[in-house]
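Peer 1: sequence plus the predicted model coming up.
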Amino acid sequence: MVFKMKNDAVLGLAKAGQRKESAIQAAVLACLRAHGVLCYALNREKGNWRRASHVGFKGIPDIGGVMKNGRAIYVEVKRPGEVPNVWQKGAHALLKSQNAIVFTVTCVEDVPLRLKEA
């Protein structure tokens, strides 16, 4: 199954040509769901502040879910050119040690490729 976006507005292309992480995250959630992953956003940003409710622990990826085969999946969403910080790398290692699928994406097009690798 190939996931295609309807238009660039879904990806949240800014006037300067940069994508907002929240827009990429929304597109990634839609793509994961299209591939049959039961998923949800964990810690979302809204404006210049974070919501009061945080799920999990420091460094937990942006998206969590369950694959059809029952394996846990976690996806860290970053803007192009950004990389996970030290806390996020530690959380990824911990989750992988528990047999979870964990990866980082910078665009929705990365998702199908990473799912095939899993």
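Peer 2: All right, it came through fine.
Peer 1: C-alpha only now, for contacts and for neighbours.
Peer 2: Will do.
Peer 1: now do the strands in the protein.
Peer 2: Taking DSSP state E as the test, the strands found in the chain are 38-41, 45-46, 49-50, 63-66, 72-77, 101-105.
Peer 1: packed most tightly, which of those would that be?
Peer 2: Between the strands of the chain, strand 72-77 has the highest mean count of neighbours, a mean of 23, where neighbours are mean count of other CA atoms under 10 Å.
Peer 1: send me that strand as PDB with only the CA atoms.
Peer 2: Output of strand 72-77 as PDB, limited to C-alpha atoms (Å, rounded to 0.1, in the frame of the first residue of the first chain):
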ATOM      1  CA  ALA A  72       4.600  -1.700  20.100                       C
ATOM      2  CA  ILE A  73       5.700   1.100  17.700                       C
ATOM      3  CA  TYR A  74       7.100   4.500  18.600                       C
ATOM      4  CA  VAL A  75       7.900   7.200  16.100                       C
ATOM      5  CA  GLU A  76       9.900  10.400  16.800                       C
ATOM      6  CA  VAL A  77       9.000  13.200  14.400                       C
END
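Peer 1: give me the contacts around that strand.
Peer 2: Outside strand 72-77, the residues that touch it by CA atoms under 8 Å, 6 or more residues apart in numbering are 21, 24-25, 61-67, 84, 99-107.
Peer 1: coming back round to it: now tabulate the strands of the chain in a markdown table and tack on distance to A91 and mean pLDDT.
Peer 2: Below are these laid out as a markdown table (distance: least, CA to CA, whole Å; pLDDT from 0 to 100):
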| stretch | distance to A91 | mean pLDDT |
| --- | --- | --- |
| strand 38-41 | 16 | 94 |
| strand 45-46 | 19 | 57 |
| strand 49-50 | 19 | 54 |
| strand 63-66 | 13 | 96 |
| strand 72-77 | 10 | 97 |
| strand 101-105 | 10 | 97 |
